[in-house]
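S.K.: Sharing a model prediction with you, sequence too.
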Amino acid sequence: MFENRLKKVLKIRSKEASRQKVSCYRLYDRDLPEFPLIIDVYENELLVTEYRSQHRLSHDEYIAWLDGSLLVVKKVLNKTDDQIHIKERKVKESRQDQYAKTASVKDFMVVHEGGLAFLVNLTDYLDTGLFLDHRITRSMVREKSNGKKVLNLFCYTASFSVYAAAGNATEVVSVDLSNTYIDWARRNMELNGFEGDKYLYTRGDVLQILPTIKNNYFDIIILDPPTFSNSKSMKEIFDVQQMHVELINLCLDKLKYSGELVFSTNARKFHLEGEMIKGAVKEITTSTEPFDFKGKLLRWCYSIVKQA
């Protein structure tokens, strides 16, 4: 059953990926309840993420199931053991652990998207460094960045910053709480030849840094915060549902008139309190949904324009 399903989605997805010249994409997303796996293609490598569920199998039965599933993956996709990376992810995992380390292999590889290069790590962290579901959103930012000043908040590994720089932005500022990700962000930018004074990096708490930024300065702001964070490096606990209005309005203060905030969240039960937001809100979730996430996209995305 799993083999037949995998063959079917491989035929469909690989054809569409080839047509769109995409080399990193989601192949399989828990299509069959009996096989709660996510399989992502990163060029010649595979990331198989296993979502632990109440399978009611004994330990030996579970190991046999997992080994059998991986044999099918290797057979259908014609991969060797060293081309397959396996991670376990709990279904109810809290967002605060999103970037937590799982290993220390430090095995980075370069992948490509939209004619740009990115460092990903398929072994050490729960997330790889490149969120595949924002492929279209990144392209949208590149198309709008010519001659613009761009601020990327909660930048993670700065894939949006790379796209903005590729779109000829005059200034790109990347902000993140983690030294690890600020370093990764810089490496991604330099990998694409984006070096110099107009590319800036700030390590710190976005909630503390935003008030210090000059009002009416940026043309585009990317805001993709965690759903929840209780990091010791932050002054207060962050909850996107409770704090999104304050955060969005603060970002709008930093935009020039007619400037655009691209806001995204993975909070599954998120409700945007649009009546309390000081800009013109347009939901763009569907229009930024890639082919490999159709019907499976678990995020919200909005374009919010500052008005006079």
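M.R.: That came through fine.
S.K.: show me what contacts P36?
M.R.: Going by Cβ atoms under 8 Å, 6 or more residues apart in numbering, P36 touches 30, 50-53. Heads up, the C-betas are built off the backbone N, CA and C, glycines and all.
S.K.: Which positions in the helix or strand where I136 lies come out as buried?
M.R.: When elements are assigned from DSSP states H and E, I136 belongs to helix 135-144. Across helix 135-144, burial judged by 16 or more other Cβ atoms under 10 Å covers 135-142, 144.
S.K.: again with stretch 60-75
M.R.: Buried, per 16+ other Cβ under 10 Å, within stretch 60-75: 66, 69-70, 72-73.
S.K.: Stretch 11-28 too?
M.R.: Here stretch 11-28 shows 13, 17, 22, 24-28 as buried, counting by 16+ other Cβ under 10 Å.
S.K.: Format the residues you listed as a markdown table; extra columns: secondary structure, distance to D183 and pLDDT.
M.R.: Output for the buried residues of stretch 11-28, formatted as a markdown table (DSSP: H, G, I helix; E, B strand; the rest coil; distance: Cβ to Cβ, whole Å; pLDDT from 0 to 100):
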| residue | secondary structure | distance to D183 | pLDDT |
| --- | --- | --- | --- |
| R13 | helix | 33 | 98 |
| A17 | helix | 30 | 98 |
| V22 | coil | 27 | 98 |
| C24 | strand | 22 | 98 |
| Y25 | strand | 27 | 98 |
| R26 | strand | 27 | 98 |
| L27 | strand | 30 | 98 |
| Y28 | strand | 32 | 98 |
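S.K.: ok, the buried residues of stretch 60-75 vs G259, which is closest?
M.R.: The nearest member of the buried residues of stretch 60-75 to G259, counting by Cβ to Cβ, is V73 at 45.3 Å.
S.K.: tell me which element the closest one is part of?
M.R.: Using DSSP H and E, V73 maps to helix 59-77.
S.K.: can you tell me which residues contact V150?
M.R.: 141, 161, 164, 169, 171-173, 218-222.
S.K.: Now do the strands in the stretch 201-308 of the chain.
M.R.: 218-223, 228-229, 238-239, 255-265, 279-283, 300-306 (DSSP state E, counting those that start in this stretch).
S.K.: Let me know which of these is the nearest to L177.
M.R.: Checked against Cβ to Cβ, the stretch from the strands of the stretch 201-308 of the chain lying closest is strand 228-229, at 8.2 Å.
S.K.: and the closest one, which strands flank it?
M.R.: Using DSSP bridges, the strands paired with strand 228-229 are strand 238-239 (antiparallel).
S.K.: And the furthest pair within the buried residues of stretch 11-28?
M.R.: V22 and Y28 (15.7 Å).
S.K.: Show the secondary-structure elements that the helix or strand following the helix holding V73 is packed against.
M.R.: For helix 59-77, the following helix or strand on the C-terminal side (DSSP H and E) is strand 84-90. Judged by 3 or more Cβ pairs under 8 Å, 6 or more residues apart in numbering; DSSP states H and E, strand 84-90 is in contact with strand 45-52, helix 59-77.
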